[in-house]
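*Asks:* The amino acid sequence is not available; the structure is as follows:
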Ligand SMILES: [Zn+2]
(Lines give C-alpha, C1' and ligand atoms only; values in the text may rest on other atoms or scores of the structure.)
Protein backbone atom coordinates (compact mmCIF):
# COMPACT_ATOMS: atom_id res chain seq x y z
CA UNK A 1 0.00 0.00 0.00
CA UNK A 2 1.28 3.45 -0.96
CA UNK A 3 0.09 6.68 0.64
CA UNK A 4 1.17 9.91 -1.04
CA UNK A 5 1.23 12.87 1.34
CA UNK A 6 1.10 15.87 -0.97
CA UNK A 7 1.61 19.10 0.93
CA UNK A 8 -0.53 22.00 -0.24
CA UNK A 9 -2.85 20.08 -2.57
CA UNK A 10 -6.38 21.46 -2.59
CA UNK A 11 -9.41 19.22 -3.06
CA UNK A 12 -10.59 21.05 -6.18
CA UNK A 13 -7.26 20.76 -7.98
CA UNK A 14 -6.90 17.07 -7.09
CA UNK A 15 -10.45 16.27 -8.22
CA UNK A 16 -9.87 18.05 -11.55
CA UNK A 17 -6.88 15.83 -12.32
CA UNK A 18 -7.65 12.49 -10.76
CA UNK A 19 -11.39 11.90 -10.91
CA UNK A 20 -11.05 9.84 -14.11
CA UNK A 21 -8.72 7.27 -12.58
CA UNK A 22 -9.37 7.45 -8.82
CA UNK A 23 -12.19 7.88 -6.33
CA UNK A 24 -11.57 11.37 -4.93
CA UNK A 25 -13.49 12.48 -1.87
CA UNK A 26 -13.30 15.65 0.15
CA UNK A 27 -11.82 15.88 3.63
CA UNK A 28 -11.80 18.94 5.87
CA UNK A 29 -8.48 20.12 7.28
CA UNK A 30 -7.92 21.23 10.86
CA UNK A 31 -7.51 24.88 11.84
CA UNK A 32 -5.04 26.54 11.53
CA UNK A 33 -4.45 25.17 8.02
CA UNK A 34 -0.71 24.76 8.50
CA UNK A 35 1.50 21.79 7.67
CA UNK A 36 2.52 21.23 11.28
CA UNK A 37 -1.04 20.93 12.61
CA UNK A 38 -2.46 19.19 9.53
CA UNK A 39 0.08 16.42 9.06
CA UNK A 40 0.14 15.65 12.75
CA UNK A 41 -3.64 15.25 12.66
CA UNK A 42 -3.48 13.14 9.50
CA UNK A 43 -0.90 10.70 10.78
CA UNK A 44 -1.91 10.48 14.46
CA UNK A 45 -5.70 10.77 14.09
CA UNK A 46 -5.73 13.48 16.77
CA UNK A 47 -7.18 16.94 16.35
CA UNK A 48 -5.37 20.11 17.43
CA UNK A 49 -7.01 20.02 20.87
CA UNK A 50 -5.39 16.62 21.41
CA UNK A 51 -1.97 16.91 19.73
CA UNK A 52 -1.53 20.54 20.89
CA UNK A 53 0.44 21.77 17.87
CA UNK A 54 -1.57 24.83 16.83
CA UNK A 55 0.72 26.00 14.04
CA UNK A 56 4.30 27.09 13.51
CA UNK A 57 5.31 29.79 16.01
CA UNK A 58 3.85 29.45 19.51
CA UNK A 59 4.62 29.48 23.24
CA UNK A 60 7.44 27.22 24.43
CA UNK A 61 5.90 23.88 25.55
CA UNK A 62 8.51 23.75 28.32
CA UNK A 63 7.20 26.97 29.79
CA UNK A 64 9.96 29.51 29.11
CA UNK A 65 8.90 33.03 28.10
CA UNK A 66 10.10 32.45 24.56
CA UNK A 67 8.28 31.40 21.41
CA UNK A 68 9.35 28.35 19.44
CA UNK A 69 9.32 27.52 15.74
CA UNK A 70 7.86 24.01 15.52
CA UNK A 71 10.13 23.00 12.64
CA UNK A 72 13.30 23.69 14.69
CA UNK A 73 12.07 22.67 18.12
CA UNK A 74 13.99 19.80 19.74
CA UNK A 75 12.29 19.71 23.18
CA UNK A 76 10.40 16.81 24.71
CA UNK A 77 6.99 18.20 25.50
CA UNK A 78 5.81 19.21 22.04
CA UNK A 79 2.88 16.82 21.84
CA UNK A 80 1.25 14.05 23.84
CA UNK A 81 0.76 12.14 20.55
CA UNK A 82 2.42 8.74 20.92
CA UNK A 83 1.06 6.61 18.12
CA UNK A 84 0.78 7.06 14.38
CA UNK A 85 -0.66 5.29 11.37
CA UNK A 86 2.72 3.53 11.26
CA UNK A 87 2.11 2.12 14.75
CA UNK A 88 -1.22 0.75 13.54
CA UNK A 89 0.34 -0.64 10.37
CA UNK A 90 3.03 -2.47 12.35
CA UNK A 91 0.39 -3.98 14.64
CA UNK A 92 -1.53 -5.18 11.60
CA UNK A 93 1.51 -6.94 10.16
CA UNK A 94 2.67 -4.33 7.64
CA UNK A 95 6.23 -3.04 7.42
CA UNK A 96 5.77 0.73 7.66
CA UNK A 97 8.13 2.95 5.67
CA UNK A 98 8.20 6.73 5.41
CA UNK A 99 9.91 8.22 2.37
CA UNK A 100 10.86 11.50 4.01
CA UNK A 101 11.19 13.21 0.64
CA UNK A 102 10.98 16.97 1.14
CA UNK A 103 10.64 16.43 4.89
CA UNK A 104 14.40 15.87 4.95
CA UNK A 105 14.67 19.66 5.18
CA UNK A 106 12.75 19.64 8.50
CA UNK A 107 13.93 18.09 11.72
CA UNK A 108 13.20 18.05 15.40
CA UNK A 109 10.47 16.84 17.69
CA UNK A 110 7.62 17.53 15.28
CA UNK A 111 8.97 15.21 12.59
CA UNK A 112 9.83 12.60 15.22
CA UNK A 113 6.23 12.60 16.49
CA UNK A 114 4.86 12.53 12.96
CA UNK A 115 6.91 9.57 11.75
CA UNK A 116 7.12 7.57 14.98
CA UNK A 117 7.24 3.81 14.28
CA UNK A 118 8.04 4.26 10.58
CA UNK A 119 11.28 3.01 9.01
CA UNK A 120 12.71 6.12 7.37
CA UNK A 121 13.69 6.03 3.68
CA UNK A 122 16.21 8.76 2.90
CA UNK A 123 17.79 10.22 -0.21
CA UNK A 124 14.72 11.21 -2.24
CA UNK A 125 14.04 14.93 -2.36
CA UNK A 126 11.58 16.31 -4.86
CA UNK A 127 10.67 19.99 -4.57
CA UNK A 128 13.61 20.75 -2.25
CA UNK A 129 16.77 19.36 -3.90
CA UNK A 130 18.89 21.68 -1.75
CA UNK A 131 18.52 24.18 1.07
CA UNK A 132 18.46 27.17 -1.30
CA UNK A 133 15.48 29.22 -2.46
CA UNK A 134 12.77 27.44 -4.45
CA UNK A 135 13.75 26.60 -8.03
CA UNK A 136 11.32 25.03 -10.46
CA UNK A 137 12.11 21.51 -11.67
CA UNK A 138 10.38 19.89 -14.66
CA UNK A 139 7.17 18.14 -13.52
CA UNK A 140 8.06 14.98 -15.46
CA UNK A 141 11.40 14.78 -13.60
CA UNK A 142 9.57 15.16 -10.27
CA UNK A 143 7.16 12.34 -11.16
CA UNK A 144 10.12 10.10 -12.14
CA UNK A 145 11.79 10.84 -8.80
CA UNK A 146 8.60 9.91 -6.92
CA UNK A 147 8.25 6.74 -9.02
CA UNK A 148 11.86 5.79 -8.26
CA UNK A 149 11.44 6.43 -4.53
CA UNK A 150 8.26 4.34 -4.34
CA UNK A 151 9.73 1.45 -6.33
CA UNK A 152 12.81 1.38 -4.10
CA UNK A 153 10.72 1.42 -0.91
CA UNK A 154 8.32 -1.24 -2.20
CA UNK A 155 11.20 -3.49 -3.29
CA UNK A 156 13.24 -3.12 -0.09
CA UNK A 157 14.49 -6.12 1.91
CA UNK A 158 12.02 -8.34 3.71
CA UNK A 159 8.72 -9.72 2.56
CA UNK A 160 5.08 -9.49 3.49
CA UNK A 161 2.77 -6.50 3.16
CA UNK A 162 4.21 -3.02 3.47
CA UNK A 163 2.90 0.50 3.85
CA UNK A 164 4.92 3.23 2.14
CA UNK A 165 4.04 6.82 3.00
CA UNK A 166 5.80 9.42 0.84
CA UNK A 167 6.00 13.16 1.48
CA UNK A 168 5.99 15.53 -1.51
CA UNK A 169 6.01 19.25 -0.86
CA UNK A 170 4.01 20.65 -3.77
CA UNK A 171 3.30 23.54 -1.37
CA UNK A 172 6.73 25.05 -2.24
CA UNK A 173 5.66 25.50 -5.83
CA UNK A 174 2.12 26.67 -5.14
CA UNK A 175 3.32 29.43 -2.78
CA UNK A 176 5.13 31.04 -5.70
CA UNK A 177 3.04 30.10 -8.74
CA UNK A 178 -0.36 28.85 -7.59
CA UNK A 179 -2.05 25.82 -9.16
CA UNK A 180 -0.51 26.48 -12.57
CA UNK A 181 0.38 24.42 -15.65
CA UNK A 182 3.50 22.98 -14.01
CA UNK A 183 1.49 21.83 -10.99
CA UNK A 184 -1.11 20.45 -13.37
CA UNK A 185 1.47 18.39 -15.30
CA UNK A 186 2.84 17.08 -12.01
CA UNK A 187 -0.59 15.92 -10.81
CA UNK A 188 -1.37 14.33 -14.17
CA UNK A 189 1.89 12.37 -13.96
CA UNK A 190 1.23 11.35 -10.36
CA UNK A 191 -2.25 10.16 -11.38
CA UNK A 192 -0.68 8.00 -14.12
CA UNK A 193 1.92 6.61 -11.71
CA UNK A 194 -0.79 5.78 -9.17
CA UNK A 195 -2.83 4.03 -11.86
CA UNK A 196 0.23 1.98 -12.94
CA UNK A 197 0.86 0.90 -9.34
CA UNK A 198 -2.81 0.10 -8.75
CA UNK A 199 -2.97 -1.99 -11.93
CA UNK A 200 0.02 -3.95 -10.63
CA UNK A 201 -1.86 -4.73 -7.39
CA UNK A 202 -0.81 -1.92 -5.01
CA UNK A 203 -3.50 0.13 -3.29
CA UNK A 204 -2.60 3.81 -3.68
CA UNK A 205 -4.00 6.66 -1.60
CA UNK A 206 -3.23 10.37 -1.69
CA UNK A 207 -4.01 12.95 0.96
CA UNK A 208 -2.98 16.49 1.81
CA UNK A 209 -2.66 18.81 4.80
CA UNK A 210 -4.31 21.94 3.38
CA UNK A 211 -4.77 23.87 0.14
CA UNK A 212 -3.60 27.41 -0.56
CA UNK A 213 -5.47 30.58 -1.46
CA UNK A 214 -4.39 33.70 -3.38
CA UNK A 215 -2.64 36.10 -0.99
CA UNK A 216 -0.60 39.26 -1.43
CA UNK A 217 1.47 41.25 1.06
CA UNK A 218 -0.21 44.32 2.57
CA UNK A 219 2.63 46.71 3.51
CA UNK A 220 0.24 49.02 5.39
CA UNK A 221 -0.91 46.16 7.61
CA UNK A 222 2.71 45.12 8.25
CA UNK A 223 3.57 48.69 9.25
CA UNK A 224 0.49 49.02 11.46
CA UNK A 225 1.39 45.85 13.37
CA UNK A 226 5.08 46.78 13.63
CA UNK A 227 4.21 50.19 15.04
CA UNK A 228 1.68 48.72 17.46
CA UNK A 229 4.16 46.03 18.60
CA UNK A 230 6.79 48.71 19.32
CA UNK A 231 4.26 50.79 21.24
CA UNK A 232 2.48 47.99 23.13
CA UNK A 233 5.28 45.45 23.41
CA UNK A 234 3.46 42.36 22.16
CA UNK A 235 5.03 39.42 20.34
CA UNK A 236 3.48 37.63 17.38
CA UNK A 237 3.13 33.91 16.62
CA UNK A 238 1.21 31.80 14.12
CA UNK A 239 2.09 31.58 10.43
CA UNK A 240 0.73 32.47 7.02
CA UNK A 241 -2.84 33.76 7.08
CA UNK A 242 -3.44 33.28 10.83
CA UNK A 243 -1.28 35.10 13.36
CA UNK A 244 -1.72 35.57 17.07
CA UNK A 245 -0.51 38.20 19.45
CA UNK A 246 0.83 37.76 22.97
CA UNK A 247 -0.01 41.07 24.66
CA UNK A 248 1.72 42.05 27.90
CA UNK A 249 -0.36 40.86 30.89
CA UNK A 250 -3.48 42.95 31.42
CA UNK A 251 -3.24 44.82 28.10
CA UNK A 252 -5.28 42.56 25.78
CA UNK A 253 -8.51 44.59 26.03
CA UNK A 254 -6.85 47.90 25.25
CA UNK A 255 -4.85 46.36 22.42
CA UNK A 256 -7.97 44.74 20.95
CA UNK A 257 -9.79 48.09 21.04
CA UNK A 258 -6.90 49.88 19.36
CA UNK A 259 -6.50 47.24 16.64
CA UNK A 260 -10.24 46.98 15.99
CA UNK A 261 -10.25 50.65 15.10
CA UNK A 262 -7.32 50.38 12.70
CA UNK A 263 -7.34 46.96 11.04
CA UNK A 264 -8.73 46.64 7.50
CA UNK A 265 -12.12 44.95 7.18
CA UNK A 266 -10.54 41.94 5.48
CA UNK A 267 -8.70 41.00 8.70
CA UNK A 268 -10.76 39.30 11.40
CA UNK A 269 -9.71 40.10 14.96
CA UNK A 270 -10.78 37.38 17.42
CA UNK A 271 -10.14 36.25 20.95
CA UNK A 272 -8.25 32.97 20.92
CA UNK A 273 -11.04 31.35 22.99
CA UNK A 274 -13.31 31.76 19.96
CA UNK A 275 -11.01 29.68 17.74
CA UNK A 276 -9.11 27.33 20.03
CA UNK A 277 -10.14 24.92 22.73
CA UNK A 278 -8.85 25.29 26.27
CA UNK A 279 -5.96 22.82 25.87
CA UNK A 280 -4.38 24.40 22.77
CA UNK A 281 -5.27 27.88 23.98
CA UNK A 282 -2.33 27.94 26.41
CA UNK A 283 0.11 27.90 23.49
CA UNK A 284 -1.66 30.56 21.43
CA UNK A 285 -1.64 34.32 22.20
CA UNK A 286 -4.78 36.03 23.49
CA UNK A 287 -5.67 37.83 20.25
CA UNK A 288 -5.86 36.22 16.81
CA UNK A 289 -5.72 37.83 13.37
CA UNK A 290 -7.22 35.81 10.52
CA UNK A 291 -7.00 36.85 6.85
CA UNK A 292 -10.41 36.88 5.18
CA UNK A 293 -9.34 38.57 1.93
CA UNK A 294 -6.26 38.44 -0.30
CA UNK A 295 -4.18 41.16 1.39
CA UNK A 296 -2.41 40.14 4.59
CA UNK A 297 1.07 39.68 6.01
CA UNK A 298 2.93 37.63 3.40
CA UNK A 299 6.35 36.80 2.04
CA UNK A 300 6.94 39.23 -0.87
CA UNK A 301 7.81 36.27 -3.14
CA UNK A 302 4.52 34.46 -2.44
CA UNK A 303 1.28 34.64 -4.39
CA UNK A 304 -0.53 31.90 -2.47
CA UNK A 305 -0.68 31.22 1.27
CA UNK A 306 -2.52 29.13 3.84
CA UNK A 307 -3.31 29.11 7.55
CA UNK A 308 -6.83 30.59 7.51
CA UNK A 309 -10.36 29.33 6.99
CA UNK A 310 -11.21 29.62 3.28
CA UNK A 311 -12.62 26.54 1.54
CA UNK A 312 -9.56 26.50 -0.75
CA UNK A 313 -7.40 25.94 2.32
CA UNK A 314 -9.74 23.69 4.32
CA UNK A 315 -10.91 21.29 1.61
CA UNK A 316 -8.35 18.55 0.98
CA UNK A 317 -8.50 15.40 -1.15
CA UNK A 318 -8.63 11.75 -0.18
CA UNK A 319 -7.94 9.86 -3.39
CA UNK A 320 -7.96 6.08 -3.81
CA UNK A 321 -6.67 4.08 -6.77
CA UNK A 322 -7.43 0.37 -6.83
CA UNK A 323 -7.18 -2.29 -9.50
ZN1 LIG B 1 1.60 22.24 4.22
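*Replies:* That came in fine, so what should we check first? Please read all numbers here as calculations on a predicted model, not as lab measurements.
*Asks:* all contacts plus neighbour counts: C-alpha atoms, from now on.
*Replies:* Fine.
*Asks:* Can you name the residues of the stretch 1-150 of the chain sitting close to the ion?
*Replies:* Counting by CA under 5 Å from the ion, the residues of the stretch 1-150 of the chain close to the ion are 7-8, 35.
*Asks:* let's go with 6 Å and repeat that
*Replies:* Selection of the stretch 1-150 of the chain residues close to the ion by CA under 6 Å from the ion yields 7-8, 34-35.
*Asks:* who's in contact with whichever strand or helix holds residue 261?
*Replies:* According to DSSP states H and E, residue 261 maps onto helix 252-262. Helix 252-262 has contacts (CA atoms under 8 Å, 6 or more residues apart in numbering) with 232, 247, 269, 286-287.
*Asks:* Can you read off the pLDDT for residue 296?
*Replies:* Residue 296 is assigned a pLDDT of 98 by the prediction.
*Asks:* what's the distance between it and residue 175?
*Replies:* Distance, residue 296 to residue 175, by CA to CA, to the nearest Å: 14 Å.
*Asks:* And those two? Which one has more around it.
*Replies:* Taking other CA atoms under 10 Å, residue 296 and residue 175 do not tie; residue 296 has more neighbours (25 against 22).
*Asks:* wait, isn't that one in contact with residue 239?
*Replies:* No - with contact defined as CA atoms under 8 Å, residue 296 and residue 239 do not form a contacting pair (11.3 Å).
*Asks:* residues in contact with residue 198?
*Replies:* So residue 198 contacts 204, 321-323 (CA under 8 Å, 6+ apart).
*Asks:* now that we have the residues you listed, which one has the most neighbours?
*Replies:* Most surrounded of the contacts of residue 198: other CA under 10 Å gives residue 204, at 25 neighbours.
*Asks:* Please report how far that residue lies from residue 183.
*Replies:* 20 Å.
*Asks:* Let me have the contacts of helix 252-262 in CSV, extended by neighbour count and secondary structure.
*Replies:* CSV is the format used below for the contacts of helix 252-262 (neighbours: other CA atoms under 10 Å; DSSP: H, G, I helix; E, B strand; the rest coil):
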residue, neighbour count, secondary structure
232, 15, helix
247, 21, coil
269, 19, strand
286, 20, coil
287, 21, strand
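*Asks:* just curious, which of those is nearest to residue 192?
*Replies:* residue 269 (44.2 Å; CA to CA).
*Asks:* what sits against the closest residue in space to that closest one that isn't next to it in sequence?
*Replies:* Among residues not flanking residue 269 along the chain, residue 289 sits closest, at 4.9 Å (CA to CA, 6 or more residues apart in numbering). Contacts of residue 289 were listed using CA under 8 Å, 6+ apart, and they are 242-244, 267-270.
*Asks:* Those in strands, which ones?
*Replies:* Of the positions in these, 242-244, 267-270 sit in strands, assigned by DSSP state E.
*Asks:* got a markdown table for the contacts of residue 289, with pLDDT too?
*Replies:* Compiled in a markdown table, those are given as follows (pLDDT from 0 to 100):
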| residue | pLDDT |
| --- | --- |
| 242 | 98 |
| 243 | 98 |
| 244 | 97 |
| 267 | 98 |
| 268 | 98 |
| 269 | 98 |
| 270 | 97 |
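*Asks:* Now for the residues you listed: which two are most distant?
*Replies:* 244 and 267 (12.2 Å).
*Asks:* out of these two, which sits in the busier spot?
*Replies:* The neighbour comparison of residue 244 against residue 267 (other CA under 10 Å) goes to residue 244, with 24 against 20.
*Asks:* what sits opposite the more buried one in the beta ladder?
*Replies:* residue 237, residue 288 (DSSP bridges).
*Asks:* Domain-wise, how is this structure divided?
*Replies:* Using automatic domain parsing, the domain ranges for the chain come out as 2-213+314-321, 216-305.
*Asks:* How about the contacts made by residue 109?
*Replies:* Counting by CA under 8 Å, 6+ apart, residue 109 has contacts 70-71, 73-76, 78.
*Asks:* Hmm, which of those residues is lowest in pLDDT?
*Replies:* Within the contacts of residue 109, residue 76 has the lowest pLDDT, namely 89.
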